[in-house]
Each structure stands twice: as structure tokens, then as C-alpha cells.
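> below are the sequence and a predicted model; questions follow.
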Amino acid sequence: MSKEKKQVTVGRIADFPVGKCTVVEIDGREIGIARLKNGEYRAVRNHCPHKGAPVCKGFISGTMVPGAVGELVYGRDGEILVCPWHGYEFDLATGAVIYQESSEKLLMYPVEIRNGEVVVTV
Ligand code: FES
């Protein structure tokens, strides 16, 4: 059985600072709107799949990416949401946790910009 989806305008572009996950409420659900440095937006449930933290109280960052042996390489800046409780890193492209043996994912919603407004489909 599938629930009917609806589109909700959650604010204007200026309401969502770049590099932050700003929480809005839709039908009693807290949803974080992440405005990425590359101009894209993501909408994620403010609930960490690990132990239930309000994941949007974490921060958006990059992560260590594969490099040569003995070399530390930072990359993907502004594409990773880090949970405030245990530091799990979530890929904001997919919601998947990275660098953990886990299939846990952030719950993500489609988000688009229409006439300067941010619209989430829930
Ligand atoms: S509750 Fe988010 S990493 Fe543990």
C-alpha cells in the first residue's frame, strides 16, 4: 500500500544558508534542507539511522578520500553530513553511510527549486 505524495514549499532559497542543514517541519516530521556548495539541495529526515540522533545538528563537511599509501587526502568538501552523536558520515548524494559496514541510510526526499522557492516532495 503506498501513501499519496505531496509537494510542500518550505521557504525561499535565501532561508537556507549554503553548507548548513536547516530543519523544517512537515506534517510533524523534521526534515533538514541541506544547501550544498555546488548549488544543489538535499532534503533528509532529521533522524540518524544509527541510534536516532537529530542528524542535522551535525555538520556538513568533506571526508578523507582514497589516496596513495601513507597519504591523507581530504575531498568531497560540502557533500557529507556528519552525525553529532557518533560521527557517522553520510553521503548527501545517496544517504548512505560511508566507511562503515552498514546498510543504514538517511531517509531522503526529492527537493527542487521553483521560482526561488524550495519544494520538497514527501
Ligand atoms: S546516532 Fe548518528 S552516528 Fe550514532
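Nice, I can see it.
> number of residues surrounding the closest residue to Ala93 other than its chain neighbours?
Ranked by Cβ to Cβ, 6 or more residues apart in numbering and with sequence neighbours excluded, the top spatial neighbour of Ala93 is Glu79, at 6.6 Å. No exception for glycine: its C-beta is placed from N, CA and C like everyone else's. Around Glu79 there are 21 other residues, counting by other Cβ atoms under 10 Å.
> and Ala96, by the same measure?
Neighbours around Ala96, by other Cβ under 10 Å: 17.
> what does the one 10 residues further on give?
Neighbour count of Leu106, defined by other Cβ under 10 Å: 25.
> residues in contact with it?
Applying Cβ atoms under 8 Å, 6 or more residues apart in numbering to Leu106 gives the contacts Val44, Arg45, Cys48, Pro49, Val55, Leu81, Phe90, Gly95, Ala96.
> who wins for neighbours among those?
Most neighbours among these, by other Cβ under 10 Å: Phe90, with 28 neighbours.
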